[in-house]
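1. Generate a structure from the sequence data that follows.
(chains A and B)
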Amino acid sequence: MKKALAMSLATCLLATSMVGCGGKNDATTQKPVEGTTEGSSTGDKVELRISWWGGDDRHTATLEAIKKFEELHPNITVKSEYGGWDGHAEKINTQMAGGTATDVIQINYDWLSRLSKDGKGFYDLESLSDTLSLENYGDTELAFGRREGILNAIPVSTTGRSAYYNKTTFDKFGAEIPKTWEDLLASAEKFSEEGYYPFDLDNGSGFTTWYLATVYMQQKTGRNFINEDGTLGFTVEDIKEGLDFYKELENKGVVRSVEARANEAGNTALYQTPSWIDGKVAGVLEWSSSIGKYEAVLKEKGQELVLGELPMLADAKMTGWFMKPSLMFAINKDTKHPKEAAMLLEFLLNDPEAAVILGTSRGIPSSKAAKEALQAAGQLDGIAFEGTKQIESSNPTLISPFMENAKMKEIYAAAIEQVSYNLGTTDEIAAQMHADLTKQLASLTK
Amino acid sequence: MKKTRKASFSKDRYIGLLYIAPWLIGFLVFTLYPIVASFYLSFTEYDLLSAPTWVGLQNFKELFKDKEFIKALTVTAKYVIFEVPLKLAFSLFIAFILNMNLKGINFFRTAYYIPSILGSNVAIAILWKFIFSTDGLVNQVLGVLHMNPISWFGQANPAMFTIILLRVWEFGSTMVIFLAALKEVPGELYEAAEVDGSSKLRNFFTITLPMITPVLFFNFVMQLVHAFQEFNAPYLVTNGGPMKGTYLLPMLIYDNTFKYYNMGYASAMSWILFIIIMAFTMITFRSSKYWVFYNDNGGEE
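-> As a prediction, the model looks like this:
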């Protein structure tokens, strides 16, 4: 009988340890673990895990930088977990919930409010300031990473979407790179060959399209799309005009319809589709921190990607263009090796050598040390840098953390899709969108 | 006497338990625990990070007012109605051909199984996008035949078709089971039919089909359960689009869990899905006595 009891207990123990819902146990196990980390920095083998999303340029650069880090610290091995953007948020959420998140985590601005509601979701980085040189960052930049006053994450760079154009294609048709909204609307006129488009707004996923419409309407009305308190700033009429603006772009052949876009390659990302690589779609509205992958594929085919001007209305009431921290690094609050994790982070963010290896694969670094290193190496040029500078100097609006919420994006996508497929008048669609946005924002801010 | 018997019996039982322990642990941890947990979570509001709070039946009440849920349910029903019969018919057709005594038949049997191995991976999804894209293979062939290209991923019905086709194309495992069943059909029945002058077509419907109904029944239930849970194909190929035309219920459950962090709500959906699958399976079982023929009378006299 005793045997049976022992065995069933052992089984249960095994089962619970495998499930690993250790949230509550952590407090008790943390102390001895922290004790051992002191020893580990003196030469014991330490294994760190780091995760990030991105394109190939970022993967290659980061892996190389990590290799360098391992050479400098032979007692530390770093395991990298990386992939594309699609599905990455889901992966991190699962890891956070299951307690299996990596030690160093690349996070997106809008995740912070959820993953760290009370500011205790990640390791307090200020407690690691011996290792981490935070003086490389300005107060406004660090403010992006604070929750309830606690520094949860460091913004690697700031970014915004700008218009980038495939100059090779524009030259082919003898077309001018658009400078104003009128230019943009008229840009398809010279694209005489069928299947060629001057611009793409990734309208399948909807967010980029709505982003441009928002910028346009913010300039026109002077109202913020989402107010600082998280309420909706746009009226139904504003939304309708924004949707009409998109429809006009589509009607004039500036961008493909959602149907044509989906048809080409289902849900494949634009920079991986033949029409982008072959230069048939000759423009994109993209984050400066992500433009590298678009440029890389064009370079392979001998095409040139250039930065266009930010279109402005003559009587614009505000710039309307957005800026946000492009991505951030945080340290897992349950990490067993906070010191080593901070060392890795310090290396990736502030080390001059790493800065040169990483280049602008995560946008133009906010870190002063890294920026200086890049400048010295003559790497501070290229369209990613120009794009970041363009947004920074445009007196941009700081993006609301709610704008990129998954459900909000779903609402933009639904509206854009309905407009593109002509499933109703823009009046009806705008009214529905306004109601949905109001409801979602209310649930986000409650 | 009694005591020793009991002791030896329990000892045997431990050893038996030990043998099945790997499976048992797997079952407890990866099957039973999630089922019980999702049942509990379906009555809660749970954002994956903070502790779940009990809300009673609220999730279920909301579900039936949720347009997205109703739409996903209809789309799923559409998918199941087309996918299951098509796949069964196609696998039976291939099994029938592969049952003939042709030269090199073993090679073909192996070759036809390959799609099932490649199955639901990402590479196949990319292949599919390539085949059905605007300038893809299918539209090029249509062009040669002077037909208008079809908007495969741009319209709901063709997009649904591509997804169904992807699954029908993976007919391998159902086909193998059918093949085994076809081989079981006694040859003398066909011989007798031939003597009576019955046609091949008639043989199929009056001999083959009734003889393989137990396997047909098995395959039908398996495919039904699988089809209701389809996730990979729409997720990888169409992402549920266009206009949610291929947005199956498992995708909605996934999005609610990992994108919108409504794990409780998503759990409620999974339980509705479970009840639906259960109901259809039970109906199939109940109806089986009217159409499934067991050679040995199903064990009854």
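
2. Count the residues that sit near residue 272.
-> All of this is about chain A. When neighbours are defined as other C-beta atoms under 10 Å in any protein chain shown, A:Q272 has 14 of them. Quick note: C-beta positions are derived from backbone N, CA and C, even for glycine.

3. could you do chain B instead?
-> B:I272: 19 surrounding residues under other C-beta under 10 Å.

4. before we move on, what about A:M217?
-> Using other C-beta under 10 Å, A:M217 has 24 neighbouring residues.

5. which element is it on?
-> Taking DSSP states H and E as the definition, A:M217 sits inside helix A:207-221.

6. before we move on, which element is A:V297 in?
-> Here A:V297 is assigned to helix A:291-300, by DSSP H and E.

7. Which of the helices or strands spans the nearest residue in space to B:L63 that is not next to it in sequence?
-> Spatially, and ignoring its direct neighbours in sequence, B:L63 is nearest to B:F69 (5.3 Å; C-beta to C-beta, 6 or more residues apart in numbering or on different chains). Assigned by DSSP H and E, B:F69 falls within helix B:67-98.

8. Check B:I276 too.
-> helix B:263-291.

9. what helices or strands is that helix leaning on?
-> The helices and strands touching helix B:263-291, judged by 3 or more C-beta pairs under 8 Å, 6 or more residues apart in numbering or on different chains; DSSP states H and E, are helix B:33-41, strand B:44-45, helix B:58-63, helix B:213-228, helix B:249-258.

10. To what extent is B:P242 buried, counted in neighbours?
-> Residues near B:P242, counting by other C-beta under 10 Å, number 26.

11. Might one say that B:M251 is in contact with B:T238?
-> No - between B:M251 and B:T238 there is no contact under C-beta atoms under 8 Å: 9.8 Å.

12. Comparing the helices and strands packed on helix B:263-291, which comes out most buried?
-> Most buried of those by mean neighbour count (mean count of other C-beta atoms under 10 Å in any protein chain shown) is helix B:249-258; its value is a mean of 22.

13. what's the helix holding A:M217 in contact with?
-> Around helix A:207-221, the neighbours that count as contacts under C-beta atoms under 8 Å, 6 or more residues apart in numbering or on different chains are A:161, A:181, A:201-203, A:223-225, A:234, A:238-239, A:241-243, A:245-246, A:255, A:285-286, A:311-313, A:316-322, A:397, A:404, A:409, A:412-413, A:415-416.

14. Buried only: go through the residues you listed for me.
-> Listed as buried from the contacts of helix A:207-221 are A:161, A:181, A:201-203, A:223-225, A:234, A:238-239, A:241-243, A:245-246, A:255, A:285-286, A:311-312, A:316, A:318-322, A:397, A:404, A:409, A:412-413, A:415-416; burial here means 16 or more other C-beta atoms under 10 Å in any protein chain shown.

15. Leaving out sequence neighbours, find the closest residue to B:M222.
-> Computed as C-beta to C-beta, 6+ apart, the closest residue to B:M222 that is not its neighbour in sequence is B:T174, at 7.6 Å.

16. got a pLDDT number for the one you found?
-> pLDDT for B:T174: 92.

17. didn't it look like it was pressed against B:V221?
-> No - the criterion here is C-beta under 8 Å, and B:T174 misses it with B:V221 at 11.4 Å.

18. chain center to stretch B:163-177: distance?
-> Per C-alpha atoms, centre = their mean, to the nearest Å, the displacement of stretch B:163-177 from the mean C-alpha position of its chain is 10 Å.

19. whoops, I mixed them up, stretch B:270-287
-> The chain centroid and the centroid of stretch B:270-287 are separated by 13 Å under C-alpha atoms, centre = their mean.

20. go on, stretch A:191-207?
-> For stretch A:191-207, the separation from the chain centroid amounts to 22 Å (computed by C-alpha atoms, centre = their mean).

21. check which helix or strand covers the closest residue to chain B within the stretch 1-150 of chain A.
-> Closest to chain B within the stretch 1-150 of chain A is A:E90: 3.6 Å, counting by C-beta to the nearest C-beta. Element membership for A:E90, per DSSP H and E: helix A:88-98.

22. Name the residues of that helix that are buried.
-> Neighbour counts over helix A:88-98 (16+ other C-beta under 10 Å) mark A:88-89, A:92-93, A:95-97 as buried.

23. Dump the one helix or strand A:K439 maps to to CSV, restricted to CA.
-> Here A:K439 sits within helix A:426-445, counting by DSSP H and E. Only the C-alpha atoms of helix A:426-445 are listed here, as CSV (Å, rounded to 0.1, in the frame of the first residue of the first chain):
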residue,chain,number,x,y,z
THR,A,426,-18.0,54.2,-46.7
ASP,A,427,-20.6,55.9,-44.5
GLU,A,428,-21.9,52.6,-43.2
ILE,A,429,-18.4,51.1,-42.8
ALA,A,430,-17.2,54.2,-41.0
ALA,A,431,-20.1,54.1,-38.6
GLN,A,432,-19.4,50.5,-37.8
MET,A,433,-15.7,51.0,-37.5
HIS,A,434,-16.3,54.0,-35.1
ALA,A,435,-18.5,51.9,-32.9
ASP,A,436,-16.1,49.0,-32.8
LEU,A,437,-13.1,51.2,-32.1
THR,A,438,-14.9,53.0,-29.3
LYS,A,439,-15.9,49.7,-27.7
GLN,A,440,-12.4,48.1,-28.0
LEU,A,441,-10.7,51.2,-26.6
ALA,A,442,-13.1,51.3,-23.7
SER,A,443,-12.2,47.7,-22.9
LEU,A,444,-8.5,48.4,-23.2
THR,A,445,-8.5,51.3,-20.9
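
24. What residues are bridge-paired with A:M323?
-> Taking DSSP bridges as the rule, A:M323 bridges to A:L398.

25. Now do the same for the nearest residue to B:G154 once chain neighbours are set aside: helix, strand or coil?
-> Leaving aside its sequence neighbours, B:G154 sits nearest to A:E259 (C-beta to C-beta, 6+ apart; 3.5 Å). Here A:E259 is helix, with the state taken from DSSP: H, G, I helix; E, B strand; the rest coil.

26. Rounded mean pLDDT for the helix or strand following the helix holding A:V297, please.
-> Next along the chain after helix A:291-300, taking DSSP H and E as the criterion, comes strand A:305-307. In this model, strand A:305-307 carries a mean pLDDT of 95.

27. Beyond the helix holding B:F69, next helix or strand please.
-> helix B:105-111.

28. just the CA coordinates of that following helix, formatted as PDB?
-> Extracted as PDB, the C-alpha positions of helix B:105-111 are listed here (Å, rounded to 0.1, in the frame of the first residue of the first chain):
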ATOM      1  CA  ILE B 105       1.700  -1.700 -58.000                       C
ATOM      2  CA  ASN B 106       3.800  -1.500 -54.800                       C
ATOM      3  CA  PHE B 107       5.700   1.500 -56.200                       C
ATOM      4  CA  PHE B 108       2.500   3.300 -56.800                       C
ATOM      5  CA  ARG B 109       1.100   2.500 -53.400                       C
ATOM      6  CA  THR B 110       4.100   4.100 -51.800                       C
ATOM      7  CA  ALA B 111       4.200   7.000 -54.200                       C
END
